[in-house]
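[1] Need coordinates for the following:
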Amino acid sequence: MRFEAAEANRHGRYPGVFGLVNGLARAGVLTGEQERFRRVNNDWYNANLVDPSGVDPGIYDHAVHPGAASWFKAAAVGMIARVAGYLAILDAHGVGWVRLDSDALGEILYEDSNQVVAVRRSGPTLESW
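    Residues are numbered from 1 along each chain as shown. Sure thing, here's the model as predicted:
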């Protein structure tokens with residue numbers, strides 16, 4: 001399961017939910033309550049979810065792994081539950097997002113009990129997932 005931008009950014013990429021909310025924070029548009037939520041929950045994810053780029057610094061290198069994206073495993077219920085607050089922030093700011101579900105992610109670059117980082121090499125487009 002992945003939550004990402006509904007439309008590509010200027011680089012043709014679809015940032016994930018965390019990147020989208022962090023971008024709103026950098027732009028200075030979050031309310032105080034939204035910023036508190038973001039900080040508390042970013043800290044929680046940092047403490048409870050492995051950062052794949054800490055294991056492999058080049059995992060998200062667009063030249064090496066174009067299109068590499070993180071996906072939650074369906075069994076990561078506790079991780080997924082907290083995403084709702086991020087989605088509410090995106091909704092409040094009119095940022096479009098989609099939820100993608102797939103069991104055919106392509107080339108797996110990283111995997112742990114909560115997540116997978118994969119590169120889709122061929123086959124259906126994201127829109128068909």
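[2] all contacts plus neighbour counts: C-alpha atoms, from now on.
    Noted.
[3] and the residue lying closest to Ala5 once chain neighbours are set aside, how far is that from Gly85?
    Closest residue in space to Ala5, ignoring its immediate chain neighbours: Trp97 at 4.4 Å, by C-alpha to C-alpha, 6 or more residues apart in numbering. As for Trp97, its distance to Gly85 is 13 Å (criterion: C-alpha to C-alpha, to the nearest Å).
[4] what about the residue nearest to Ala5, how many neighbours?
    19 (other C-alpha atoms under 10 Å).
[5] what does the one 3 residues further on give?
    Taking other C-alpha under 10 Å as the neighbour definition, Leu100 ends up with a count of 14.
[6] ok, which stretches of this protein are helices?
    With DSSP state H, the ranges of helices along the chain come out as 17-26, 32-48, 52-55, 77-81, 83-92.
[7] can you put those helices in CSV and add mean pLDDT and mean neighbour count?
    What follows is the helices of the chain, written out as CSV (pLDDT from 0 to 100; neighbours: other C-alpha atoms under 10 Å):
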stretch, mean pLDDT, mean neighbour count
helix 17-26, 98, 17
helix 32-48, 98, 13
helix 52-55, 96, 12
helix 77-81, 97, 12
helix 83-92, 98, 16
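[8] The ones you listed: which one's closest to Asp103?
    Ranking the helices of the chain by their distance to Asp103 (criterion: C-alpha to C-alpha) puts helix 77-81 first, at 16.5 Å.
[9] Fine by me, we can end here.
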